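Chemist: What would the 3D arrangement of this be:
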Amino acid sequence: MAARSDVAPAESPATSATAVGSAAIVQGRYLSLDAYRGLIMILLVSVGLGLGALKGHPVFGMIAAQVDHVPWEGAVFWDLIQPAFMFMVGVAMPFAFAKRIEQGATFGRNLVHVVGRSLKLIALAQLFGMASRGVINFGLINVLDQIAFTYLFCFLIMQLGFRWQVVMAALILAGHTALYYVFPGPDGPFSQTGNIGQVIDQAVLGKTYGGYYVTINFISSTVTTLFGVWTGMLMQSRRPTMEKIRVLALAAAGGFAGGLALSLFIPMVKRIWTASFTLYSTGWVLLMLIPFVWLIEMKGYRKFAFPLIVVGSNSIFVYVIFQMFRA
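Modeler: Numbering: from 1, shown residues only. So this is what the prediction gives:
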């Protein structure tokens, strides 16, 4: 997940996109991916940049509203941070496993690696919870818990051909949605309380999380990470950089269109990670990535991004340090 992106180096302003895109992908890094990951990481640990204090302000109140999650349905900027982080985990995966395979790793060795890393992430999440509450209170909604699941499932899905990966993504979202419809809560399929996610958490873990979050979010958020995997595959390819940007833009438009269309039937709720939210948030995540690719890979502007690149190259370490100080 914090793997480095080994591809062709960024272009200088004088280098054409076609020349770089046609070059063999051997060494170097896509620094734009590190920089984007760094920005997301900084936002994730920033606790709203302190802008929450402006709530209710007649002028800046609208800005403050963007750095706090919506109560239930809808999405603001702050609701996009976790999807972006999970998406970037997926982006790193094709690069990381290509390098491991090049070094001789088999499927079995990679699977052991993935399972081991997933278990470590879950253990870290429990330690953070214990540090903040003083007691062990096992839960699986921390971002590290969710990444542990999506990382494993995406690795398995990556073993399929691309078309079957797309089919799996569709089936995952359809299955997640069907689960809520087949077992509706007191106020319908996507009831804020008593939905199937909460029922499962009560039955399996004997608890209901605060904030209406549920463990089975990892089912649909696997698709968020899988979109990242596909983006990583695109960036890893020999296509010209400008063509990659066009594909990202088309995919972003598709995410917006799909998410908004689904929202007519499936409410856009981050707290239970509905299918409409999955697609809509991915649209925004892709749209935010495009300027980084254009500025750093196409125009060669690297110096301004250096602090972001440092953070992005050590994202999990930064998150762990943040959690330790937060506790």
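Chemist: pLDDT of the longest helix along the chain, averaged?
Modeler: Of all the elements of type helix in the chain, the one with the most residues (DSSP state H) is helix 107-133. Average pLDDT, helix 107-133: 87.
Chemist: What's the first helix or strand after it?
Modeler: Counting by DSSP states H and E, the next helix or strand C-terminal to helix 107-133 is helix 143-157.
Chemist: by contact count, what packs against that next one?
Modeler: In terms of contacts (3 or more C-beta pairs under 8 Å, 6 or more residues apart in numbering; DSSP states H and E), helix 143-157 is packed against helix 81-102, helix 107-133, helix 162-182, helix 217-236. Any C-beta I mention is one placed from the backbone N, CA and C, and that applies to glycine too.
Chemist: can you give me the angle the second one makes with helix 81-102?
Modeler: Here helix 107-133 runs at an angle of 150 degrees relative to helix 81-102 (axes from the mean of the first three to the mean of the last three C-alpha atoms, to 10 degrees).
Chemist: Give the buried residues for helix 107-133.
Modeler: 110, 114, 117-118, 121-122, 124-129 (16 or more other C-beta atoms under 10 Å).
Chemist: So which of the residues you listed is the closest to Q82?
Modeler: A125 (13.6 Å; C-beta to C-beta).
Chemist: now the closest one: how far from N137?
Modeler: 11 Å (C-beta to C-beta, to the nearest Å).
Chemist: tell me the mean pLDDT over stretch 246-266?
Modeler: 97.
Chemist: contacts for that stretch?
Modeler: If you take C-beta atoms under 8 Å, 6 or more residues apart in numbering as the criterion, stretch 246-266 is touched by 177, 190, 227, 231, 234, 239, 268, 274-284, 286-287, 289-290, 293.
Chemist: List the ones among those that fall in helices.
Modeler: Per DSSP H, the subset of those in helices is 177, 227, 231, 234, 275-284, 286-287, 289-290.
Chemist: Pull out the buried positions in stretch 288-307.
Modeler: For stretch 288-307, by 16+ other C-beta under 10 Å, it's 288-290, 292-298, 300-302, 305.
Chemist: which one among the residues you listed gets closest to Y213?
Modeler: Nearest to Y213 among those, with distances taken as C-beta to C-beta, is M288, at 23.4 Å.
Chemist: can you pull the contacts of that closest one?
Modeler: Counted by C-beta under 8 Å, 6+ apart, M288 has contacts 36, 80, 84.
Chemist: and the last one, what pLDDT?
Modeler: So that's A84. Looking at A84, its pLDDT is 95.
Chemist: and it, how many neighbours?
Modeler: A count of nearby residues for A84, using other C-beta atoms under 10 Å, gives 24.
Chemist: show me the contacts for it.
Modeler: Neighbours of A84 in contact, by C-beta under 8 Å, 6+ apart: 40, 281, 285, 288.
Chemist: Greatest separation within those residues: which pair is it?
Modeler: I40 and S281 (12.4 Å).
Chemist: from what I can see A98 touches Q236, true?
Modeler: Yes. In this structure, A98 is within contact of Q236 by C-beta atoms under 8 Å, at 6.9 Å.
Chemist: quick one: low-confidence parts of this protein?
Modeler: 1-29, 46-61, 64, 66, 129-136, 319-327 (pLDDT under 70).
Chemist: CA atoms of stretch 95-106 as CSV?
Modeler: Extracted in CSV, the C-alpha atoms of stretch 95-106 (Å, rounded to 0.1, in the frame of the first residue of the first chain):
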residue,chain,number,x,y,z
PHE,A,95,3.5,-1.3,-9.3
ALA,A,96,4.3,-3.1,-6.1
PHE,A,97,3.4,-6.6,-7.3
ALA,A,98,5.0,-6.1,-10.7
LYS,A,99,8.3,-5.4,-8.8
ARG,A,100,7.8,-8.4,-6.5
ILE,A,101,7.1,-10.7,-9.5
GLU,A,102,10.2,-9.4,-11.2
GLN,A,103,12.1,-10.4,-8.1
GLY,A,104,10.8,-13.9,-8.4
ALA,A,105,7.7,-13.8,-6.1
THR,A,106,5.1,-16.5,-6.9
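Chemist: rewinding a little: could you flag which of the ones in helices among the contacts of stretch 246-266 are buried?
Modeler: If we count by 16+ other C-beta under 10 Å, the ones in helices among the contacts of stretch 246-266 have these buried: 177, 227, 231, 234, 275-284, 286-287, 289-290.
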